[in-house]
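1. Below are the sequence and a predicted model for it; my questions follow.
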Amino acid sequence: MDFTAPFLLTLKLSTITTLLLFVLGIPFAYWLAFSRFRGKFFVESVVALPLVLPPTVLGFYLLMALGGNSFVGRWYESMFHKTLAFSFQGLVVGSFIYNLPFAIRPFQLAFMGVDKKLLEASWSLGRSKLYTFLFVIFPLSRQGVITGCILSFAHCVGEFGVVLMIGGNIPGITKVASVAIYDEVQVLNYGTANIYAAILLAFSFVILTVVYFVNRRFLLRMF
Amino acid sequence: MIKVRVKKTWKKFGLDVNFEIPHEKVTALFGPSGAGKSSILRLVSGLERADGGMILKGEDVWYDESKAINLLPQQRSVGFVFQDFALFPHLTVEKNVAYGIKEKKRLKEAKDLLSLVGLSGYERYYPGQLSGGQKQRVALIRALARRPDILLLDEPLSALDWETRRQLQEDLKRIIKQLRITTLYVTHDVTEVYKLADYVVVLEYGRVTKQGTPEDVFMGRRLSTRIQVVGKVVDIESDSILAAVTVLHEGQYFKTLIDTEEILRMNLRIGDDVVIGAKSSDVILCKVLTET
């Protein structure tokens, strides 16, 4: 088996997930930060669930939700003529949901941290909410947005349970680095497992060091 | 002319006011803190919505509860100067000023405005690099840059030290008069009312208690609350800021410090008859103990 394939797959999955979280997560976080919807706490708890749930629980229900017997699974099959479960696309969906809190929470906190007076100043200067977001809120939340992206990327690299439950371990399609380690250990191939593990360890450590170095203050507020 | 007739109730406070803001004049909203002055600015600007009443700008309806009309702040042409300036910290001075300008040549216009308040050369500075007075000027011209129908100033000088405040009062007066812009000015400082305002609306506990020219409004209040000494001016030592005026009263001398400008305005000379007045709240009485 190609030694680098699991890593390339991990990188591909993490990059796509992070991009999706950035594109979809920012409007969502904006809504969470500024909406006066009374049931917001409920939505917030749902988003935070992956923080506390065992990944296998989340993976199990996602498998049920995406599998061939589910509504989503059947719809996907009729559209693309392949299953969502045990495919790379299915992994992306799972990773996206699993990593939501790691992106949404920093985004939301950063948006909420922008001085309300500045937003009011922008509105009173005749600028729309969208313009205000693009030119005031977003630039002033840069730290939080970067932190959210790096954290979800790193967390995505490290995920195991959800991926295994939804994707299994099909080489080149769903067998990411963390799953590869598990496989190698299963066949008592400790040497290879060690190399994979060491690379992941080093990678995660570097990422966290960078994040903490770049914005210690922001993280202190969050955790 | 802008007509304001609004009601709003918060948990512990209610506002119920009715007054007019004359065209191209400076109207001061005067009262102690907690009287609801800043809330009125927020209602006029549309940052907050009232519970009832209306706000009319000439023929335009900005707010009318009975017709369920409430224009957004973006749709009302207002320039709001916040108490703590609210400059965008990530934008340069010129970009702050140009923020509300929608025409081309935004930066050129911002540059012209900056020179109006003596800040040429500061275009590329960030707000964090400016002094309080400079920030205030930037906030003022940023609000004026989009040529609003009304300028709203929320205690614009209260965050500044005495000396800067004095200087800025002059600048404010000059700029507002020069641009002939309708202004609503929130303050709790009587001197500012006298210096800047054509009209004053006095607010207490969320109600308008008096309105009119500063002279009309404060004259009665002054008489009832002041200590007065009538006498003749015997000496004036003045420098550019303060003048020491000595008054002779029944054989006693009273020396008092007054704004030099005030002296010039009154054209005061030695030998003139004057009244020295002080607010009773500024007078301290002490009982003199005598040995028996």
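-> Received, thanks. Since we're looking at a predicted model, the values are computed, not measured. Residues are numbered from 1 along each chain as shown, chains lettered A, B, ... in the order given.

2. dump the residue contacts of the nearest residue to residue B:182 once chain neighbours are set aside.
-> When the adjacent residues along the chain are set aside, residue B:182 lies closest to residue B:150, with 4.7 Å between them (Cβ to Cβ, 6 or more residues apart in numbering or on different chains). (C-beta placed from N, C-alpha, C; glycine too.) Residue B:150 makes contact with B:2, B:21, B:44, B:57, B:77, B:78, B:79, B:181, B:182, B:183, B:184 under the criterion Cβ atoms under 8 Å, 6 or more residues apart in numbering or on different chains.

3. can you list the residues of chain A near chain B?
-> By Cβ under 8 Å from any Cβ of the partner chain, the residues of chain A that approach chain B are A:115, A:117-118, A:120-128, A:135-136, A:139-140.

4. ok, the contacts of residue B:150 vs residue B:197, which is closest?
-> Nearest to residue B:197 among these: residue B:183, at 8.6 Å, using Cβ to Cβ.

5. Just the C-alphas of the helix or strand where that closest one lies, formatted as CSV.
-> Residue B:183 is part of strand B:182-187 when elements are defined by DSSP states H and E. Provided in CSV are the C-alpha atoms of strand B:182-187 (Å, rounded to 0.1, in the frame of the first residue of the first chain):
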residue,chain,number,x,y,z
THR,B,182,-28.9,71.4,12.0
THR,B,183,-27.3,70.1,15.2
LEU,B,184,-28.6,68.4,18.3
TYR,B,185,-26.0,68.6,21.0
VAL,B,186,-26.2,66.6,24.2
THR,B,187,-24.4,68.1,27.2
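
6. next structured bit after that strand?
-> helix B:190-196.

7. Can you name the residue of chain A nearest to chain B?
-> residue A:125 (3.3 Å; Cβ to the nearest Cβ).

8. Hmm, that residue is touching residue B:102, no?
-> No: Residue A:125 is beyond contact range of residue B:102, at 9.9 Å (criterion: Cβ atoms under 8 Å).

9. quick revisit: distance of the residue of chain A closest to chain B from residue B:197?
-> As for residue A:125, its distance to residue B:197 is 25 Å (criterion: Cβ to Cβ, to the nearest Å).

10. that older thread, for the contacts of residue B:150, could you give me JSON lines that also reports neighbour count and pLDDT?
-> Formatted as JSON lines, these follow (neighbours: other Cβ atoms under 10 Å in any protein chain shown; pLDDT from 0 to 100):
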{"residue": "B:2", "neighbour count": "21", "pLDDT": "91"}
{"residue": "B:21", "neighbour count": "22", "pLDDT": "93"}
{"residue": "B:44", "neighbour count": "26", "pLDDT": "94"}
{"residue": "B:57", "neighbour count": "22", "pLDDT": "92"}
{"residue": "B:77", "neighbour count": "16", "pLDDT": "91"}
{"residue": "B:78", "neighbour count": "27", "pLDDT": "94"}
{"residue": "B:79", "neighbour count": "26", "pLDDT": "93"}
{"residue": "B:181", "neighbour count": "20", "pLDDT": "92"}
{"residue": "B:182", "neighbour count": "20", "pLDDT": "94"}
{"residue": "B:183", "neighbour count": "25", "pLDDT": "94"}
{"residue": "B:184", "neighbour count": "27", "pLDDT": "95"}
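
11. next SSE after the host helix or strand of residue B:8?
-> Assessed by DSSP H and E, residue B:8 sits inside strand B:2-9. Downstream of strand B:2-9, the next assigned helix or strand under DSSP H and E is strand B:14-21.

12. so that following strand versus strand B:2-9, what angle?
-> If you take axes from the mean of the first three to the mean of the last three Cα atoms, to 10 degrees, strand B:14-21 sits at 180 degrees to strand B:2-9.

13. Each with direction, which strands does strand B:14-21 pair with?
-> strand B:2-9 (antiparallel) (DSSP bridges).

14. Tell me which residues are up against the longest helix seen in chain B.
-> As assigned by DSSP state H, the longest helix anywhere in chain B is helix B:162-179. With contact meaning Cβ under 8 Å, 6+ apart, helix B:162-179 is reached by B:26, B:116-118, B:131-133, B:136-137, B:140-141, B:144, B:151, B:153, B:156-157, B:160, B:183, B:192, B:195-196, B:241.

15. got the buried residues for it?
-> For helix B:162-179, a neighbour-count test (16 or more other Cβ atoms under 10 Å in any protein chain shown) marks B:164, B:165, B:166, B:168, B:169, B:171, B:172, B:175, B:176 as buried.

16. before we move on, what about stretch A:39-46?
-> So stretch A:39-46, judged by 16+ other Cβ under 10 Å, has zero buried residues.

17. where's the residue of the stretch 101-250 of chain B found nearest chain A relative to residue B:100, distance?
-> Residue nearest to chain A within the stretch 101-250 of chain B: residue B:146 (5.8 Å; Cβ to the nearest Cβ). The spacing between residue B:146 and residue B:100, counted by Cβ to Cβ, is 4 Å.

18. Would you mind grabbing the residues shared as contacts by those two?
-> Taking Cβ under 8 Å, 6+ apart as the criterion, residue B:146 and residue B:100 both touch A:125, A:126.

19. quick one: pLDDT of the residue nearest the centre of chain A?
-> For chain A, residue A:99 is the residue whose C-alpha lies nearest the centre (Cα atoms, centre = their mean; 2.9 Å). At residue A:99, the model reports a pLDDT of 93.

20. re earlier: find the residues that touch each one of residue A:125 and residue B:102.
-> Going by Cβ under 8 Å, 6+ apart, residues that sit against residue A:125 and also against residue B:102 are residue B:146.

21. and these two? which has more neighbours close in?
-> residue A:125 (25 against 10; other Cβ atoms under 10 Å in any protein chain shown).

22. which residues sit in contact with that one?
-> B:79, B:99, B:100, B:142, B:143, B:146.

23. Using JSON lines, lay out those together with secondary structure.
-> Output for those, formatted as JSON lines (DSSP: H, G, I helix; E, B strand; the rest coil):
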{"residue": "B:79", "secondary structure": "strand"}
{"residue": "B:99", "secondary structure": "coil"}
{"residue": "B:100", "secondary structure": "coil"}
{"residue": "B:142", "secondary structure": "helix"}
{"residue": "B:143", "secondary structure": "helix"}
{"residue": "B:146", "secondary structure": "coil"}
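
24. Of those, which pair is most distant in space?
-> B:79 and B:99 (11.7 Å).

25. Could you pull out the residues contacting both of the two?
-> Common neighbours of residue B:79 and residue B:99 (Cβ under 8 Å, 6+ apart) are A:125, B:145.

26. So which of the residues of chain A next to chain B are in helices?
-> Among the residues of chain A next to chain B, the members falling in helices (DSSP H) are A:117, A:118, A:120, A:121, A:122, A:123, A:124, A:139, A:140.

27. Right, I'll leave it there.
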